[in-house]
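Trainee: Give me a model of this one.
(one chain, ligands or ions: 1)
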Amino acid sequence: MTDGETAGDDLRLTGLTRRFGPVTAVDDVTLTVPAGSFFALLGASGCGKTTTLRMVAGLDRPDAGRVLLGDRDLTRLPPHRRPVNTVFQSYALFPHLDVFENVAFGLRRCGVPDVAGRVRRMLALVRLAGYDRRRPGQLSGGEQQRVALARALVNQPRVLLLDEPLGALDLRLRRQMQTELKRVQDEVGVTFLHVTHDQEEAMTLADTVAVLNAGRVEQLGPPADLYELPATAFVATFLGRCNLLPAEAAGPTGGEVPVRAYGSRFRVPAARARSDRGAVHLGVRPEKLHLTGTVEQVPSGHHSVAGTVTDVSYLGVGTEYLLRTGWGTELSAFAPNSGVTADRWPIGATVQAYWWPDHAFLLPRSTGP
Ligand code: ATP
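Mentor: Got it, this is the predicted structure:
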């Protein structure tokens, strides 16, 4: 630990901005990464994730804004003066050094005592005990990434930055390494700031996810909050599939917001309305949309629309149905393969798609997907 900061210091970005000519890569980003948390920056390619990380690492300078750790201003400090390390997708290991020396490298430069003990503890942490004398070329991609993780943690940074660290791994290994990353973070308690474009990875790993869009924070919160009650159509569709029906909202009455879509009337709880007047999107996720044969079979208290099945995809964990409503809108309904119901709807079947009003949400329509 260096002068000033303690283990309990939050990382704060305030008004962070970076322009490249006409492009504002990072646009007035303000967020707090709580000390010891696993925080994910999630967004599509080009949304400014890497540029944000580089400014935290000190590899790039903001045009405006600050990077703070507790009360300490890191903004103008060179990278080696920051208690921050980075793990890159490319691993960036020294090919001519063995695993032990790769991990020991940073420690030797600082002249810390008990290098061997520290390196061995780190290799045990990432489950590579006994691999000391192998060269990077003799390791699998997942093993190389573990070495990179050990090397980045061995000198006890306060914050670890991870830039798409699992991007080069195949899906199976990626899932394994996600579990490993979470376990290591739990054990060391270091603040992890993780960049990814994979929504599933962000939701699996992070305590808090910030969704970035065109350099700005679109929404920030625990994964379940973002998924269940997104703030914008962009977040709703970035975090998974979502049916968005253009609708008109009439303002809240008695804890509910009445909306009209294609001549039908629906209700949404006021607490689930991000926008409650004028042009809105009525959002319902496919797994919250259930199918039955007739209006009479729709359970009481639910809303429903009629549709015709236009496509059926069997996905193993469930079946996805595409429907076309009488208004010409396409809807997606996902029926989990629970083994309880044997309902199968063939292409061409006329069905009722129904949902519980508490499972819908209203979003401002001007921020369309
Ligand atoms: P990816 O997931 O593809 O790595 P990203 O979200 O990390 O994307 P950034 O690499 O931060 O995005 O880039 C954000 C924007 O800034 C992009 O439009 C990119 O072209 C631009 N940009 C980044 N670095 C530079 C640079 N050195 N010079 C000019 N433009 C840059």
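
Trainee: need the strands for the stretch 251-369 of the chain, in chain order.
Mentor: Remark: strands assigned in the stretch 251-369 of the chain by DSSP state E, counting those that start in this stretch are 256-261, 264-269, 277-284, 290-292, 303-314, 318-325, 330-336, 350-355, 361-364.

Trainee: Same check on the stretch 1-150 of the chain?
Mentor: Listed in chain order, the strands of the stretch 1-150 of the chain (DSSP E, counting those that start in this stretch) span 11-20, 23-33, 38-42, 64-69, 72-73, 84-88.

Trainee: Comparing the strands of the stretch 251-369 of the chain, which comes out most buried?
Mentor: strand 361-364 (a mean of 24; mean count of other Cβ atoms under 10 Å). Where you see a C-beta, it was placed from the backbone N, CA and C, and this is true even at glycine.

Trainee: which strands and helices sit next to it?
Mentor: Strand 361-364 sits against helix 233-238, strand 243-250, strand 277-284, with contacts defined as 3 or more Cβ pairs under 8 Å, 6 or more residues apart in numbering; DSSP states H and E.

Trainee: if I look at the closest residue to residue 122 other than its chain neighbours, how far off is residue 144?
Mentor: Nearest residue to residue 122 in three dimensions, chain neighbours excluded: residue 150, at 4.1 Å (Cβ to Cβ, 6 or more residues apart in numbering). Separation of residue 150 from residue 144 (Cβ to Cβ, to the nearest Å): 11 Å.

Trainee: can you check residue 297 too?
Mentor: Taking Cβ to Cβ, one finds residue 297 at 56 Å from residue 144.

Trainee: And for residue 46?
Mentor: Going from residue 46 to residue 144 by Cβ to Cβ gives 27 Å.

Trainee: tell me the contacts of whichever residue of the stretch 101-250 of the chain sits closest to the ligand?
Mentor: Closest residue of the stretch 101-250 of the chain to the ligand, Cβ to the nearest ligand atom: residue 197 (5.2 Å). Neighbouring residues of residue 197 by Cβ atoms under 8 Å, 6 or more residues apart in numbering: 42, 43, 44, 45, 49, 164.

Trainee: how does the chain divide up, domain by domain?
Mentor: Residue ranges for the domains of the chain, per automatic domain parsing: 11-228, 233-364.
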